[in-house]
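Undergrad: Predicted coordinates and the sequence they were generated for:
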Amino acid sequence: MSASDTIYSFFFLSQIFIGVLANSLVFLIYAYIFLIEPQLKKPMDVMCMHLTVVNTVTIVFQSTPQLVSFYGVKDFLDDIGCQTFLYISRVTRGLSICTTSLLSVFQAITVSPSHSKWAWLKSQLSKWILPSLLSFWVINMMIYSHIIESVRAKSNSTLGSGPYVQAYCQNIKVEEYKSKLFLSVIIMHDLVCMVPMIGSSLYMVFILYRHRRRARHIHSLTPSSESSAENKATRTILLLVLCFVLFYVANNSLMFYGLYNSGKNVRLEGINGILSSCYRTICPFLLIKHNNIFVRLIFSISKMRTKFF
């Protein structure tokens, strides 16, 4: 293994270990809240739980083949393995985009003033969460079903006509109109999610700015705990969206550069693979940092552990 392969494998291994562990921890904390302390649960917690699940699955199915390839393992995936790993990773990637967008829109409506035109939606939000998440699964599973037809394991006898997909997989020749249709659907899917995500985030920035400006003129009044909690939740969603957009742009820029650049660039593929999992690895830490329930539970567990030992 070369020095560069060692570095890349270290980053992939770190992402898998840290990302899976952190997302699993956040999921277990949310599960604890739902089962043990249901009075603390909020409608947004369902979406956060869903986000941690799809992030975990994406990290495992996206990073594992790339990590194994750096250790020189050959024929790790056959045709069914390539289709399974790539299909699941792409579906959960799409679910991550949709869930982050839904979180952003949900929080924007939640913090909107009572006199705004979005105020009537507040009472309906909790009813739409589960149907929305279910529809995301159906839509993404249908969109990425094209992968089952177009992806096969790499071999000397396979003539790849499409872009390089993974260390063990590649595209096979399919009808040109199907490839163009699939690419168009993916672009539309991402735009439909990104536009509301960015729009609602800008709206939340405006709300926070206006709230802060008003607070400066009212020194005698202190913000309520509810307002403070809403502001913390809003900042968390804004940080999630910011991280997602930054890594999304960087990841797709490198991907399109690799598609239109002649020749295979192993280093570029390694960097792109690392970038594609960065958001999923950072996401649980943002959820933990700005949630008082997490801090209180972790403190209680640490206190119990100290007493026990």
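TA: Okay, I see it.

Undergrad: Show me the strands in the stretch 51-200 of the chain, by range?
TA: Applying DSSP state E, counting those that start in this stretch to the stretch 51-200 of the chain gives strands spanning 151-153, 169-171.

Undergrad: Serialize those strands to CSV and add fields for mean neighbour count.
TA: Where C-beta positions appear, they are placed from N, C-alpha and C, glycine not excepted. Converted to CSV, the strands of the stretch 51-200 of the chain look like this (neighbours: other CB atoms under 10 Å):
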stretch, mean neighbour count
strand 151-153, 20
strand 169-171, 21
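
Undergrad: Save the ones you listed as JSON lines, and put in distance to Cys283 and mean pLDDT too.
TA: Output for the strands of the stretch 51-200 of the chain, formatted as JSON lines (distance: least, CB to CB, whole Å; pLDDT from 0 to 100):
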{"stretch": "strand 151-153", "distance to Cys283": "27", "mean pLDDT": "83"}
{"stretch": "strand 169-171", "distance to Cys283": "26", "mean pLDDT": "79"}
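
Undergrad: can you redo these as a markdown table with distance to Thr84?
TA: Formatted as a markdown table, these follow (distance: least, CB to CB, whole Å):
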| stretch | distance to Thr84 |
| --- | --- |
| strand 151-153 | 10 |
| strand 169-171 | 10 |
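
Undergrad: Surely Tyr279 and Val249 touch.
TA: No. Assessed by CB atoms under 8 Å, Tyr279 is found out of contact with Val249, at 11.2 Å.

Undergrad: Please say which of these two ends up with more neighbours.
TA: For Tyr279 versus Val249, neighbours defined as other CB atoms under 10 Å are more numerous around Tyr279 (24 against 12).

Undergrad: Could you give the secondary structure assignment for that one?
TA: Here Tyr279 is helix, with the state taken from DSSP: H, G, I helix; E, B strand; the rest coil.

Undergrad: excluding its backbone neighbours, what's nearest it?
TA: Among residues not flanking Tyr279 along the chain, Phe247 sits closest, at 4.5 Å (CB to CB, 6 or more residues apart in numbering).

Undergrad: number of nearby residues for that neighbour?
TA: Neighbour number of Phe247 under other CB under 10 Å is 19.

Undergrad: so how far is the one helix or strand it maps to from its chain's centroid?
TA: Secondary structure assignment for Phe247, by DSSP states H and E: helix 225-260. Centre-to-centre, helix 225-260 and its host chain are 9 Å apart (CA atoms, centre = their mean, to the nearest Å).

Undergrad: Next, the buried residues of that helix.
TA: 229-231, 233-241, 243-245, 247-248, 251, 254-255, 258 (16 or more other CB atoms under 10 Å).

Undergrad: any idea how far the residue nearest the centre of the chain is from Phe70?
TA: The centroid of the chain falls nearest to Ser96 when counting by CA atoms, centre = their mean (3.8 Å). Using CB to CB, to the nearest Å, one obtains 24 Å as the distance from Ser96 to Phe70.

Undergrad: quick revisit: you'd agree the residue nearest to Tyr279 is up against Ile271?
TA: No. Counting by CB under 8 Å, Phe247 does not reach Ile271; the two are 11.9 Å apart.
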